[in-house]
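Participant: build the 3D model from these lines:
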Amino acid sequence: RLFILIICFSISTEVNANDIQVSTFSELINSHPVSGDTLDIIDDLSSDESIGYNFYGLDITFKGNNHSLNGNNVFAGFVLNQESNFNKIRMLDCKGQTYNNSSFAGAIYNSGGNLHITESEFSGNFVDAAGFNFGVGGALYNLSGGSIDINNALFDDNYANGASAYGGAIANGYQTTNPTYMTINNSIIRNNYAEGSVIAQAGAIFNNGTIDINNTTLESNRVLNGENYFLEGGAIYNLGTMNITNSTINNNYAEGTNTIGMGGAIYNLQTLTIDNSTISGNYVNTNYVPTGGAIYNDENSTTIITNTNITDNYLTSVSEEGRGGAIFNRSSITLENCNFDGNHINTTETGEGAALYNDLNSSSGSASSSAQILNTTFNNNYISSETQTGKGAAIFNRSDMTIENSNFTNNSVNALDSSEGGAIYNNGNTVLTIKNSTFENNSSKSSTGEGRGGAIYNNNLLSIENGTFQNNTDDTGLNDIYNTADGTINLNAADTINI
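Facilitator: Numbering: from 1, shown residues only. Next comes the predicted model:
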C-alpha cells in the first residue's frame, strides 16, 4: 500500500505542474509559480526591479526560447536554492546582489541548489563594489554545497570589480567545508574580466570547489587594476580541483601598471589537470616581475599537463625581469606528450625560461618543488634581443627536474649583454637528469660576444644518459654545454658532446 501511495503522489505532482507563459517582466515577477512549474518566456523581458528571492525555494524551469532578460545595468538577477533549469535564455546586463557593501552574482546566485544551464547566454552582467570590499562572480556564483552544470553556453563581457575582485564571469565555492561542484561543457567563455584596486583574480573563473571543463574555449579574458598591487590568473584562479580536457585557452592576460602579474591564463594553488588542449597566446604585461605567461603553479600545488600544445605565450615588461614565458612552477609539475613552441620573453632586464621556469619552493627555501618532463618537444622558444640578460630559452631550472625522451630544437637566447643556455639554464643546489633526449640547432648569442652554452648552461649537478647533441652554438662556436667551475656533469653515453 505504501508503494502505491508513493507512485500516486509522484503522478499527481507531475500533473499539477504548470506551463506559465510570460511576455513582460511584470508577468514574470507576478507569475507566482509552485515547484515543478515551467515559466515559458515568449518575448524579451526588461527589468524594472531586482528579481532576487522571488523564485527562491522552488524547483523551477525557465524556458527562454532564445529571448533575453535584461537587467538594464541596474537590477539584480536570481537567487535560487533548489532544482533550477535555464534553457535557451539570454541573461543580459544584470547587476550583482549586494551584502555588507560587497557585490556578487550578477545574473544567478545558486545557494546550495542544483542548477542546470543549457544553450544560454550570459553577457554584460557584473558585480561592482566600486573599488571597496569584494566583487565576486560577474555572472554566476555557486555557493553552500551547490552544483551547476553548464552546457552549450556563452559567457561574454561579464566583469567583477572591487578592492578584491574574483571571477569576472563565474565564481565556484568559497569555503572548503561546504564543497561546490561545477561542470562546463561545449561552451565559450570570452572577454570577461576582473578589476581590483588591491587584487584581481580570475578574469573568467574563480574556483574553490571542483570544476570539470570539457570542449570549451576560454579566450581574451583578463585581470586588470590600476597600480601597486596583484594580478593573478587572466582566465582562471584555482584554489580547488580543476580538470580541463579538449579545450582551448587563448589570448588571456594579466596587465597593469606598477603591478605584479602572475599567470596570464591560469593561477593554480591546488590541483590542476589539463589534457588534449591548446594553450596559446596568453601573456603577462606588468612593470614588476611578470611571471608565468600562461600558467603560474604556486607552492604546495600540483599541475599535470598531457597531450597539449603550449604555444606563443609570453612575458613583456619595460622595466623588470620576466620568469617563465609559458609556465612558472614553484611546486610539482608533470608535462607529458606536450609541445612547447614559440613561447618567448621580451623584457628590458633579465629573461629566464621562455617555456618553463622551475623554481624552488619559496616557503621552505629548499628544492621541494619538482618537474617531470616526458616525451615533450621544445621548439623555437626564445628570449628576445631587447632583453639585457637571457637564461634558458626553453627551461630555467633551479630545482629538481627529470627530462626523458624529449627534444629541444631551434631554441635561442639573443640577449644584449649575456646569454646563457640556448635550451636549458641549470642552477641551484639540485639535480637535473636528462635521459634519451635530443638537442639540435639551439643557440646562445649576445651582442657583446658573451653567449655561453649553445644547448645547456650548467652551474649545478647535471646527469645525461643517451643524449644526442647536434649543431648547438654559442659565441665560442660549436658548444653544446658550458660548465662553470661550480658545475658537475655525469655522462653515461658514447655520444660526442662539446663542453
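Participant: and Glu386, how far from Val318?
Facilitator: Distance, Glu386 to Val318, using CB to CB, to the nearest Å: 10 Å. Every C-beta, even on glycine, is put in place using the N, C-alpha and C of the backbone.
Participant: same check, this time on Phe126
Facilitator: Counting by CB to CB, the gap from Phe126 to Val318 is 31 Å.
Participant: give me the more crowded residue out of these two.
Facilitator: More crowded of Phe126 and Val318, by other CB atoms under 10 Å: Phe126, with 25 against 12.
Participant: which residues does that one contact?
Facilitator: Applying CB atoms under 8 Å, 6 or more residues apart in numbering to Phe126 gives the contacts Asn73, Asp93, Cys94, Lys95, Gly96, Gly106, Gly138, Asn158, Tyr159, Ala160, Asn161.
Participant: recalculate using a threshold of 6 Å.
Facilitator: Listed by CB atoms under 6 Å, 6 or more residues apart in numbering, the contact partners of Phe126 are Gly106, Gly138, Tyr159.
Participant: any idea which of those residues is closest to Ile213?
Facilitator: Closest to Ile213 out of the contacts of Phe126 is Gly138 (17.5 Å), distances taken as CB to CB.
Participant: okay, that closest one: pLDDT?
Facilitator: The per-residue pLDDT reported for Gly138 equals 97.
Participant: state the phi and psi torsions of Ile29.
Facilitator: phi -60, psi -30 (degrees, to the nearest 10).
Participant: output stretch 210-226 as PDB - backbone C-alpha positions only.
Facilitator: What follows is stretch 210-226, C-alpha atoms only, in PDB (Å, rounded to 0.1, in the frame of the first residue of the first chain):
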ATOM      1  CA  THR A 210      35.600  21.200  -8.100                       C
ATOM      2  CA  ILE A 211      35.200  22.100 -11.700                       C
ATOM      3  CA  ASP A 212      35.400  19.800 -14.800                       C
ATOM      4  CA  ILE A 213      35.700  21.700 -18.100                       C
ATOM      5  CA  ASN A 214      35.400  19.900 -21.400                       C
ATOM      6  CA  ASN A 215      35.400  21.100 -25.100                       C
ATOM      7  CA  THR A 216      35.300  24.700 -24.000                       C
ATOM      8  CA  THR A 217      37.100  27.900 -25.200                       C
ATOM      9  CA  LEU A 218      38.400  30.400 -22.700                       C
ATOM     10  CA  GLU A 219      39.500  33.400 -24.800                       C
ATOM     11  CA  SER A 220      40.600  37.000 -24.200                       C
ATOM     12  CA  ASN A 221      39.700  37.100 -20.500                       C
ATOM     13  CA  ARG A 222      41.800  39.300 -18.300                       C
ATOM     14  CA  VAL A 223      42.700  40.600 -14.900                       C
ATOM     15  CA  LEU A 224      43.400  44.400 -14.500                       C
ATOM     16  CA  ASN A 225      44.000  47.000 -11.900                       C
ATOM     17  CA  GLY A 226      45.400  50.500 -11.500                       C
END
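Participant: count the residues that sit near the residue nearest to Leu58 when sequence neighbours are not counted.
Facilitator: Leaving aside its chain neighbours, Leu58 sits nearest to Ser35 (5.0 Å; criterion: CB to CB, 6 or more residues apart in numbering). For Ser35, the count of nearby residues is 13 (other CB under 10 Å).
Participant: now swap in Asn142 and tell me
Facilitator: Neighbour count for Asn142, taken as other CB under 10 Å: 28.
Participant: Gly477 now?
Facilitator: 8.
Participant: pairing partners for it in the sheet, please.
Facilitator: With DSSP bridges as the criterion, Gly477 is bridged to Asp474.
Participant: next one: it from Asn375, what distance?
Facilitator: 31 Å.
Participant: ok, now which ones touch Val79?
Facilitator: Gly52, Tyr53, Tyr56, Tyr109.
Participant: over to Gly203?
Facilitator: Applying CB under 6 Å, 6+ apart to Gly203 gives the contacts Gly168, Asn192, Tyr193, Ala194, Asn221, Arg222, Val223, Gly234, Ala235.
Participant: read off the pLDDT value for the third one.
Facilitator: Turning to Tyr193, the model gives it a pLDDT of 97.
Participant: show me what it is bridged to.
Facilitator: Tyr159, Arg222.
Participant: name every strand pairing with the helix or strand containing His67 and say which way it goes.
Facilitator: Using DSSP states H and E, His67 falls within strand 60-70. If you go by DSSP bridges, strand 60-70 pairs up with strand 38-41 (parallel), strand 45-46 (parallel), strand 83-92 (parallel).
Participant: what sits up against the last one?
Facilitator: The reference is to strand 83-92. For strand 83-92, contacts defined as CB under 6 Å, 6+ apart pick out 59-66, 68-70, 107, 113-124.
Participant: find the centremost residue of the protein, please.
Facilitator: Geometric centre of the chain, nearest residue: Ile266, 2.2 Å, by CA atoms, centre = their mean.
Participant: check the gap between it and Ile211 for me.
Facilitator: For Ile266, the distance to Ile211 equals 12 Å [CB to CB].
Participant: which pLDDT value goes with Glu227?
Facilitator: 61.
Participant: hmm, back to that, with mean neighbour count added, can I get the strands paired with strand 60-70 in JSON lines?
Facilitator: Converted to JSON lines, those look like this (neighbours: other CB atoms under 10 Å):
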{"stretch": "strand 38-41", "mean neighbour count": "20"}
{"stretch": "strand 45-46", "mean neighbour count": "20"}
{"stretch": "strand 83-92", "mean neighbour count": "21"}
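Participant: okay, those in CSV with distance to Asn133 next?
Facilitator: Formatted as CSV, the strands paired with strand 60-70 follow (distance: least, CB to CB, whole Å):
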stretch, distance to Asn133
strand 38-41, 33
strand 45-46, 29
strand 83-92, 24
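Participant: Asn442: which of these is closest?
Facilitator: That would be, of those and by CB to CB, strand 83-92, which comes in at 50.9 Å.
Participant: the helix or strand following the closest one pairs with which strands, and in what direction?
Facilitator: Following strand 83-92 in sequence order, the next helix or strand is strand 97-99 (DSSP H and E). Applying DSSP bridges, strand 97-99 is found paired with strand 102-104 (antiparallel).
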